[in-house]
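1. Got a predicted model here, sequence first, then my questions.
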Amino acid sequence: MKFPMLGIVILAATTAAAARQAAVPSSAFPDPDRHAKLAAAFPEIDRLFVDYAASIHAPGAAWGIVIDGQLAHQGATGMRDVATKAPVDADTVFRIASMTKSFTAMSILKLRDSGKLSLDDPAERYVPELKGLKYPTSDSPRITIRHLLTHSEGFPEDNPWGDQQLSDTEADLSRMMREGIPFSNAPGIAYEYSNYGFAILGRVVSQASGMPYDEYVTANILKPLGMTSTTLHPSKVPPKMLAIGYRWEDNQWKVEPALPHGSFGSMGGMLTTVRDLSRYVATFLDAWPPRDGPETGPIRRSSLREMQQPWRPSATRVALNTSGPTAALTVTGYGYGLGVTQTCQYRAMVAHSGGLPGYGSLMRWLPDYGVGIIAFGNVTYTGWNATVAAAIDRLDKTGALKPREVPPSPALVAARDNVSKLIVQWDDALVDKIAAQNLYLDRSKDRRHAEIDGLRSKTGSCTVPTKFDYVENALRGQWTMSCERGALQVSITLAPTMPPTVQYLAVREGTVAPPPGPCGS
């Protein structure tokens, strides 16, 4: 069957998104043509999604690309309803399964920030049924909220069992907890994905807030973000908007009945659109970089960044590249309701997938690059990882997928200027003023003076630069000094003193190499 490709939607930023973008320093992404260059990859990315949907017999699919707080591009293919052949469009609602876990984690952090709970509180303070748990060892710690957020409470991995519990009642959940929960590990020592654990977090949200979980999420996350098409209740989605879930079996599509919202909804019951979820992804991207300015999200920017940190390691993989005799390293961890991956190419990729009978989804974004991708499908366990990775690769091939530039602090700029002056003309008084206590102990002043004089005799006179080649953070940077016979590469790190002084100084012939990647390349 051929899948009709719906029109590509290029959406303007909403007022709120534009305000968020304006709050980011203009120097973050200096290329004024960044958006247009990235957009050149959109047609090829569309083909990737269309081809993948067809290859796995997905009745329909929808995807979106978020850039700097805007849904910059949206595509769709196929049918949301096989019986009526109704097409997927910009407003089609898909179930996103375990991607719901980040909404649960965000709710927990909002309650934490409001003083309603602590992440290190024992979960049994809010869920008394856990008090009777039989722990695997006598020295096991009591399960905390933090354990549950990071899948380190010690419960066994429970896919696909958890998929079938969405409609369980609160009484069902209480009964199961009272009957006991088996442990695969003692709490706090290992990552093991637990839907059960996030169902318990839903109960924590209800108890700490005094509101049913679904009402709390709607009032405190969905409404503030303008996610008007998002819900935990399939019955509340207008039939003309709902993507019906299917499985491909016996060369035909068979309907997967949608379970209603219940006590396990906090682990995987959310339904949403690409348009709505783009606002959610944009909120996480907007948390970067740390900065002054008003807080506009459902939770503080610092809490959003906290969710995107790897608090529990999950896996490390090394694989040989097919293009040559080199190895690729991938390190993964779990934050709060979100997975975090580091590769030799990207310092951080934040993501969560979702899979249920009838659906498969993925959201992935690059915090340092201001770019994210969303994908939905309405066939059981649609797996988008490879397609989204290929889409990011296509964006990279445009040459415009560059990380945000880190602005130097005034202290680093002043140190650059002073160190450059020293290299042009040594001055004992100036070097004494800017040197940290350790600088002469690591290498004497006379030796440093002689080494710099030796370099300058080789290169001739040099000019004081006005910019950095690479700023790693507010107190560490590198620059190149152009000289009569070559160039000098200079690197400094400032000390934790006020005012910040130079604790590390390296001067060598040559220009600054490209910034090292996460693997040190």
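-> Yes, it's here.
2. hey, let's count contacts and neighbours off CA atoms from now on
-> OK.
3. For Tyr267, list the residues it contacts.
-> Heads up, residue 267 is Met, not Tyr. Neighbour list for Met267: 97-98, 100-101, 104, 195-196, 198-199, 202 [criterion: Cα atoms under 8 Å, 6 or more residues apart in numbering].
4. change it to 6 Å
-> Under the criterion of Cα atoms under 6 Å, 6 or more residues apart in numbering, the contact partners of Met267 comprise 98, 100-101, 195, 198-199.
5. Just say helix, strand or coil for the nearest residue to Arg146 once chain neighbours are set aside.
-> Nearest in space to Arg146, with sequence neighbours left out and distances taken as Cα to Cα, 6 or more residues apart in numbering, is Leu119 at 5.0 Å. Of the three states, Leu119 takes coil under DSSP: H, G, I helix; E, B strand; the rest coil.
6. got it, and Asp396?
-> Counting by three-state DSSP, the three-state call for Asp396 is helix.
7. Next SSE downstream of the helix or strand bottoming out on mean pLDDT in the chain?
-> Within the chain, judged by mean pLDDT, DSSP states H and E, the helix or strand with the poorest mean is helix 15-23; its value is a mean of 35. Next in sequence after helix 15-23, counting helices and strands by DSSP states H and E, comes helix 34-39.
8. Provide the contact partners of that following helix at residue level.
-> Taking contacts as Cα under 6 Å, 6+ apart, the residues outside helix 34-39 that touch it are 395, 400.
9. Which of the helices or strands spans Gln503?
-> Using DSSP H and E, the element containing Gln503 is strand 502-509.
10. I'd like the mean pLDDT over that strand, please.
-> Strand 502-509 shows a mean pLDDT of 96 in the predicted model.
11. Of all the residues in that strand, which ones are buried?
-> Neighbour counts over strand 502-509 (16 or more other Cα atoms under 10 Å) mark 502-504, 507, 509 as buried.
12. now stretch 208-215
-> For stretch 208-215, the neighbour count (16+ other Cα under 10 Å) marks 208-209, 213-214 as buried.
13. Next, Phe103: secondary structure please.
-> Using three-state DSSP as the criterion, the local structure at Phe103 reads helix.
14. per-residue pLDDT, it?
-> According to the model, Phe103 carries a pLDDT of 98.
15. what's the neighbour count on it?
-> For Phe103, the neighbour count with other Cα atoms under 10 Å is 23.
16. quick one: it and Pro408, what's the gap?
-> 34 Å (Cα to Cα, to the nearest Å).
17. again with Arg175
-> From Arg175 across to Pro408, the span is 56 Å (Cα to Cα).
18. Show me what the strand holding Gln503 is packed up against.
-> Under the contact definition 3 or more Cα pairs under 6 Å, 6 or more residues apart in numbering; DSSP states H and E, strand 502-509 sits against strand 486-494.
19. mind checking how far the strand it packs on is from the chain centre?
-> Average the C-alpha atoms of strand 486-494, do the same for its chain, and the two points are 33 Å apart (Cα atoms, centre = their mean, to the nearest Å).
20. What segments of the stretch 201-350 of the chain are strands?
-> Using DSSP state E, counting those that start in this stretch, the strands assigned to the stretch 201-350 of the chain run over residues 246-249, 252-255, 270-272, 312-320, 327-334, 339-343, 349-356.
21. and the second one, which strands flank it?
-> Meaning strand 252-255. The sheet places strand 252-255 alongside strand 246-249 (antiparallel), with pairing taken from DSSP bridges.
22. What residues sit buried inside the partner strand?
-> Of all the residues in strand 246-249, those buried under the rule 16+ other Cα under 10 Å are 246-248.
23. Please apply the same query to stretch 243-262.
-> Neighbour count says stretch 243-262 has 243-248, 253, 255-256, 258-259, 261-262 buried, by 16+ other Cα under 10 Å.
24. could those residues go into CSV alongside distance to Arg125 and pLDDT?
-> Formatted as CSV, the entries for these read as follows, by distance: Cα to Cα, whole Å; pLDDT from 0 to 100:
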residue, distance to Arg125, pLDDT
Ala243, 39, 98
Ile244, 39, 98
Gly245, 38, 98
Tyr246, 40, 98
Arg247, 41, 97
Trp248, 44, 97
Trp253, 46, 97
Val255, 41, 98
Glu256, 38, 96
Ala258, 33, 92
Leu259, 30, 94
His261, 25, 97
Gly262, 22, 97
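25. And those residues, which is closest to Leu285?
-> Distance from Leu285 was checked for each of the buried residues of stretch 243-262 by Cα to Cα. The minimum falls on Ala243, at 27.3 Å.
26. Neighbours of the closest residue to the closest one other than its chain neighbours, how many?
-> The spatially closest residue to Ala243, leaving aside those adjacent along the chain, is Arg80, at 4.2 Å (Cα to Cα, 6+ apart). The local packing of Arg80 (other Cα under 10 Å) involves 29 other residues.
27. Return the residues in contact with Arg80.
-> With contact taken as Cα under 6 Å, 6+ apart, Arg80 is in contact with 60, 86-88, 243-244.
28. Quick check: the two most widely separated of these?
-> By the measure Cα to Cα, these have their two most distant members at Pro87 and Ile244, which lie 11.3 Å apart.
29. So for the chain, the centremost residue is which one?
-> Closest residue to the average C-alpha location of the chain: Val350 at 2.5 Å, with Cα atoms, centre = their mean.
30. Hmm, Val340 and it touching each other?
-> Yes. The pair Val350 and Val340 passes the contact test of Cα atoms under 6 Å, sitting 4.6 Å apart.
31. Need the nearest residue in space to Ile45, chain neighbours excluded.
-> Taking Cα to Cα, 6+ apart, and ignoring the residues beside it in sequence, Ile45 has Ala391 as its nearest neighbour in space, at 5.4 Å.
32. what about that neighbour, which helix or strand?
-> According to DSSP H and E, Ala391 maps onto helix 385-397.
33. ditto for Trp63
-> Secondary-structure assignment from DSSP H and E places Trp63 in strand 60-67.
34. what distance separates that strand from the centre of its chain?
-> Its chain's C-alpha centre and that of strand 60-67 lie 17 Å apart, by Cα atoms, centre = their mean.
35. Remind me what it packs against, helices and strands.
-> Strand 60-67 packs on strand 70-81, strand 371-377, going by 3+ Cα pairs under 6 Å, 6+ apart.
36. I'd like the ones you listed as TSV, with distance to Ala171 appended.
-> Compiled in TSV, the helices and strands packed on strand 60-67 are given as follows (distance: least, Cα to Cα, whole Å):
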stretch	distance to Ala171
strand 70-81	34
strand 371-377	32
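37. I figured Ala119 was touching His147, is that so?
-> You called it Ala, but residue 119 is Leu. No. Leu119 is not in contact with His147 according to Cα under 6 Å; the separation is 8.5 Å.
38. Which of the two has more residues huddled nearby?
-> Between Leu119 and His147, counted using other Cα under 10 Å, His147 has the larger neighbour count: 26 against 16.
39. Name the nearest residue to the more buried one, ignoring sequence neighbours.
-> Leaving aside its chain neighbours, His147 sits nearest to Glu153 (4.7 Å; criterion: Cα to Cα, 6+ apart).
40. wait, what's in contact with the one you found?
-> For Glu153, the contacting residues are 143, 147, 187-188, by Cα under 6 Å, 6+ apart.
41. And for Ser482?
-> Neighbour list for Ser482: 462-463 [criterion: Cα under 6 Å, 6+ apart].
42. what's the spacing between the residue nearest to the centre of the chain and Trp253?
-> As for Val350, its distance to Trp253 is 32 Å (criterion: Cα to Cα).
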